[in-house]
Structure formats: structure tokens, C-alpha cells
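A.B. asks: sequence first, then the predicted structure:
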Amino acid sequence: MEKGRLLQNKNVNKAIQVSKITLIINLSLSLLKFVAGYIGKSSAMLSDAVHSASDVLSTIVVMVGIKISEKQPDREHPYGHERMECVASIILSVALAITGAGIGYSGIKKIFSGQYNTFSVPGGIALTAAVVSIVIKEWMYWFTRGAAKHTNSDALMADAWHHRSDALSSVGSLIGILGARLGYAILDPIASVVICGCILKAALDIFKESINKMVDHSCDNATETKIREVVLQQQGVDGIDELKTRMFGAKMYVDIEILADGNLALYDAHRIAEGVHQTIENNFPQCKHCMVHVKTNELLPPFCIGRGR
């Protein structure tokens with residue numbers, strides 16, 4: 001239990017540290033885009049600066065969600081606060097969808113109204129800023145995504161995709177700036193519509209995954225298969241009668257019924273169940289609570305061992 005709690009605190013600290021780094025970079029990048037857009041007379045770059053500024057609010061939502069999710073269980077929340085991270089992910093997915101829809105709407109409006117022909121030709125500084133933004137935001141995506149996988153944080157993964165949406169937005173800005181400089185300004189709104197589709201797809205995936213974890217969706221097949229494998233390797237386990245899992249935020253609950261020899265003494269059956277319980281917790285750090293039921297070959301009622309982190 002103590003090992004699991006230490007690992008959880010370590011993951012939370014890493015997630016907060018990553019969020020702080022991206023927060024500082026987003027503020028700096030937003031300022032850079034604004035200056036470049038103003039000097040280079042690029043409306044696309046100025047819009048991109050506003051988008052980067054909105055990412056700061058998204059990162060703050062992530063930090064708040066992660067901090068609340070690490071709180072210990074209390075009287076009103078006896079099972080903990082892990083689902084608050086799912087709430088943060090849902091908020092971010094909605095923000096991501098709104099961002100994508102806004103980019104798409106703006107692009108469609110420009111195409112049908114012909115507004116793209118009225119823009120002044122942007123300067124070289126705007127072009128350079130767009131390239132720098134793409135490189136930095138793509139790095140931020142991979143940096144945050146890696147931390148999200150390491151800490152098993154849905155909110156951090158949602159924030160990573162927010163960085164990717166900003167990188168795609170900057171791609172649209174780059175295409176628009178290049179198009180304007182080459183005499184093909186319509187490339188800007190066309191790119192915006194394509195980028196809109198990519199962002200909406202990412203938002204939908206994040207939303208669906210977060211909702212699944214909010215409604216006690218079972219673990220993925222690979223995880224359940226691995227649980228069966230490690231349990232069946234335990235001495236005294238003759239088989240598995242039933243295995244149930246459910247996700248609670250980023251945590252996992254396991255309810256397993258094992259088969260054992262009916263002639264075993266109660267002490268030996270208890271020892272087998274305790275071994276299975278310990279094995280599951282050691283192999284799956286995300287397991288918050290594990291309940292092991294022992295069922296024998298005899299017509300005896302099963303007993304269980306359960307303990308949470």
C-alpha cells in the first residue's frame with residue numbers, strides 16, 4: 001500500500017512539473033506570436049497568438065484536476081477523488097472541440113465570403129514565427145504525451161492533444177502566410193477546414209475515453225489477459241472462475257474469484273488468496289483496490305480477501 005501511494009505521489013509531482021513547464025512555454029510563445037503577427041501584419045498569426053493564450057487556461061485546468069484527484073478519501077468521498085481528473089479531461093475535450101469548430105467556421109466563412117483576398121501580404125517575421133511555433137508545440141505534444149503515458153494521466157494526455165491542436169493551427173497559419181506571399185491566399189481557409197477535422201476527431205476520442213472511465217468501464221483486454229496470466233502462475237491457484245475489472249478515473253479496481261483445492265485448510269486457502277492479492281498489486285501499480293474470492297471444489301461458500309491502497 002505504501003509503495004503504491006509513493007508511486008502515486010511521484011506521478012502527481014511529475015504531472016504538475018510538466019504542466020508548469022508547458023505553462024511557461026505557452027505564455028512565452030503567445031507573446032512571441034502576438035509581436036510577430038503585429039510587426040509582420042499577419043492576422044493569421046495574431047489569431048494563433050490568442051489560441052496559444054487559451055492553452056494557458058487549459059493547462060491550469062489540468063493542474064487543478066490532478067491536484068484534486070490526489071486527495072485522500074474523506075467522509076463525503078470514501079472512494080477517493082480520482083474521477084476529478086476525468087472531469088478535467090472532459091472540460092479539455094470540450095475546449096478542444098470548441099477550438100476546432102472555431103477554426104473550421106472561420107475557414108468556411110473566409111472561403112464563401114472571399115475575405116482571404118482582402119488581407120495584406122504578411123512579412124517574413126510572421127513566417128519565421130509560424131515555423132518556430134510548429135516546432136515548439138509539436139515538441140510540447142510529445143513531451144506532455146510521454147509524461148501522460150508514464151503517469152497514466154488522462155488530463156495530461158488531453159493537454160498534450162491541446163498542444164497538438166495548436167501545432168496544427170500554426171500549420172494553418174504557415175500555409176496561409178505562404179499562400180498570401182505567393183498569391184494563393186485561399187490556401188489559408190482550406191487548411192483551416194482540414195485542421196478542424198483533425199482537432200474534432202482528437203476531442204471526440206478524449207471525450208469518449210473520459211466518459212468510459214466515469215461510468216466504470218472495464219479495463220482493456222490486454223490488462224485483463226495479463227491479470228489472468230500472473231494469477232494462474234501462483235501456487236495453489238487451480239483456475240479463475242470470474243474476473244471483473246473497472247476503471248475509476250486513472251485507477252483500477254479488480255474483483256477476482258479463484259479456484260482452489262477444497263481439501264485445503266482455511267489457513268492455506270487464505271495464504272493463496274493473500275498471495276494473489278499481493279501479486280496483482282505488485283504487477284499493476286494502477287490497482288487501487290483488489291478483492292480476491294476463493295472458491296473450492298467442495299460445496300462450501302467462498303470467502304474473500306480485499307484491501308485497497
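C.D. replies: Done, it's in.

A.B. asks: residues of whichever helix in the chain runs longest that come out buried?
C.D. replies: Secondary structure of the chain per DSSP state H: the longest helix is helix 2-39. Residues of helix 2-39 classed as buried: 4, 8, 11-12, 15-16, 18-19, 22-23, 25-26, 29-30, 32-34, 36-37 (neighbour count, 16 or more other Cβ atoms under 10 Å). In short, each C-beta sits where N, CA and C put it, glycine included.

A.B. asks: average pLDDT across the helix or strand residue 257 falls within?
C.D. replies: Following DSSP states H and E, one finds residue 257 within strand 251-260. Strand 251-260 comes out with an average pLDDT of 87.

A.B. asks: list the contacts of residue 202.
C.D. replies: Residues in contact with residue 202 (Cβ atoms under 8 Å, 6 or more residues apart in numbering) are 96, 161, 164, 165.

A.B. asks: how far away is the second one from residue 126?
C.D. replies: When Cβ to Cβ, to the nearest Å is applied, the distance between residue 161 and residue 126 equals 26 Å.

A.B. asks: mind checking which of the two has more residues around it?
C.D. replies: residue 126 (28 against 23; other Cβ atoms under 10 Å).

A.B. asks: give the closest residue to that one in space, chain neighbours not counted.
C.D. replies: residue 40 (3.1 Å; Cβ to Cβ, 6 or more residues apart in numbering).

A.B. asks: count the residues that sit near that neighbour.
C.D. replies: Going by other Cβ under 10 Å, the residues that sit close to residue 40 add up to 22.

A.B. asks: residue 189 too?
C.D. replies: If you count neighbours by other Cβ under 10 Å, residue 189 ends up with 26.

A.B. asks: mind checking the SS state of residue 189?
C.D. replies: Under DSSP: H, G, I helix; E, B strand; the rest coil, residue 189 falls in the helix class.

A.B. asks: sorry, back to before: test my guess that the residue nearest to residue 126 contacts residue 180.
C.D. replies: No: counting by Cβ atoms under 8 Å, residue 180 is not a contact partner of residue 40; they are 10.7 Å apart.

A.B. asks: how is the chain partitioned into domains?
C.D. replies: 2-214, 221-308 (automatic domain parsing).

A.B. asks: weakest of those domains in terms of mean pLDDT?
C.D. replies: The lowest average pLDDT among the domains of the chain, as it happens, falls on domain 2-214, at a mean of 78.

A.B. asks: hmm, which two among the contacts of residue 202 are most spread apart?
C.D. replies: Largest separation among the contacts of residue 202 by Cβ to Cβ: 96 and 164, giving 9.5 Å.

A.B. asks: residue ranges for the strands of this structure, please.
C.D. replies: 239-248, 251-260, 287-296, 303-308 (DSSP state E).

A.B. asks: I'd like these written out as JSON lines, with mean neighbour count added.
C.D. replies: Putting the strands of the chain into JSON lines (neighbours: other Cβ atoms under 10 Å) gives the following:
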{"stretch": "strand 239-248", "mean neighbour count": "16"}
{"stretch": "strand 251-260", "mean neighbour count": "21"}
{"stretch": "strand 287-296", "mean neighbour count": "21"}
{"stretch": "strand 303-308", "mean neighbour count": "15"}
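
A.B. asks: tabulate those strands (a markdown table), appending distance to residue 152.
C.D. replies: As requested, the strands of the chain are exported to a markdown table (distance: least, Cβ to Cβ, whole Å):
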| stretch | distance to residue 152 |
| --- | --- |
| strand 239-248 | 10 |
| strand 251-260 | 9 |
| strand 287-296 | 11 |
| strand 303-308 | 17 |
